[in-house]
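1. what's the 3D shape of this:
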Amino acid sequence: MSPYQQAVIDTTMQEYDIQAQKGLPSLAAAAIQSGAYGGGREGVQRAEYQSMSDRNRAALLAQLQQQGFNQAQQLAQQNLSNQLNLAGAGPGFIGTQIAGLQTLGAGETSQQQAILEAQRQLAQQQAYQPLNVAERYGAGITPLIQGYPGRTEQTITPSPSPLQNILGVGSTLAGIYSKFNPAPLFSK
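-> Residues are numbered from 1 along each chain as shown. The predicted structure follows:
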């Protein structure tokens with residue numbers, strides 16, 4: 001039993017005893033009025049009063065202890081229920097963590113794929129650069145040669161990568177900025 005519960009029981013029992021003692025003077029007053037003060041009749045009444053008081057005291061004590069037991073039992077049941085709920089929620093928490101890690105992994109994979117795609121496009125441009133330069137050189141010479149039969153030309157231009165688009169936009173904005181602000185952007 002907890003010390004708090006014992007303190008409540010002790011205080012309640014002390015108060016009961018005080019109230020029970022307050023009933024004794026009325027028994028004595030009734031015995032005096034009937035002329036039986038100090039006699040056997042008064043003794044029997046006091047014994048019956050004390051017996052009834054003791055039964056009521058025992059019943060009150062049992063009731064308080066039963067209430068304490070019931071409360072402890074309910075709290076134990078609630079604690080068990082809470083533990084079972086936590087045990088049941090554990091797999092859900094783990095599932096949430098797994099889903100979060102999958103999302104994070106998918107984002108990282110997507111970023112790595114974008115980097116690889118930009119690198120592939122850069123390598124393709126570097127590989128085709130000599131061919132593109134030769135075609136432009138040939139296109140510039142062809143009109144200079146008279147009588148040289150014209151030919152059909154085909155130019156392969158790879159689509160610009162997102163990195164190229166960003167660099168193009170950045171250089172355009174830098175050009176516009178330099179027109180409005182002739183001071184150097186970076187000073188030494």
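
2. how close does the spatially most central residue of the chain sit to residue 181?
-> What sits nearest the mean C-alpha location of the chain, by C-alpha atoms, centre = their mean, is residue 93, with 9.9 Å. Residue 93 sits 55 Å away from residue 181, going by C-beta to C-beta, to the nearest Å. Yep, even glycine has a C-beta here, placed from its N, CA and C like the rest.

3. still on that earlier bit, and the helix or strand containing the residue nearest to the centre of the chain, what does it pack onto?
-> If you go by DSSP states H and E, residue 93 is part of helix 40-141. On a contact count with 3 or more C-beta pairs under 8 Å, 6 or more residues apart in numbering; DSSP states H and E, helix 40-141 meets helix 3-22, helix 24-34, helix 162-180.

4. And for the closest residue to residue 132 other than its chain neighbours, the neighbour number?
-> Nearest residue to residue 132, sequence neighbours excluded (C-beta to C-beta, 6 or more residues apart in numbering): residue 155, at 7.2 Å. Per other C-beta atoms under 10 Å, the neighbour tally for residue 155 reads 10.

5. just to revisit the earlier point, avg pLDDT for the helix holding residue 93?
-> Mean pLDDT, computed over helix 40-141, is 88.

6. can you give me the offset of it from its chain's centre?
-> Centroid separation for helix 40-141 versus its chain: 7 Å, with C-alpha atoms, centre = their mean, to the nearest Å.

7. follow-up on the earlier one: assign the residue nearest to residue 132 to helix, strand or coil.
-> coil (DSSP: H, G, I helix; E, B strand; the rest coil).

8. How much space separates it from residue 162?
-> 22 Å.

9. Also residue 40?
-> Taking C-beta to C-beta, one finds residue 40 at 114 Å from residue 162.

10. With residue 84 instead?
-> From residue 84 to residue 162 the distance is 52 Å (C-beta to C-beta).

11. ok, and the closest non-adjacent residue to residue 159?
-> residue 121 (7.9 Å).

12. wait, residue 168
-> Closest to residue 168 by C-beta to C-beta, 6+ apart is residue 160, at 7.3 Å.
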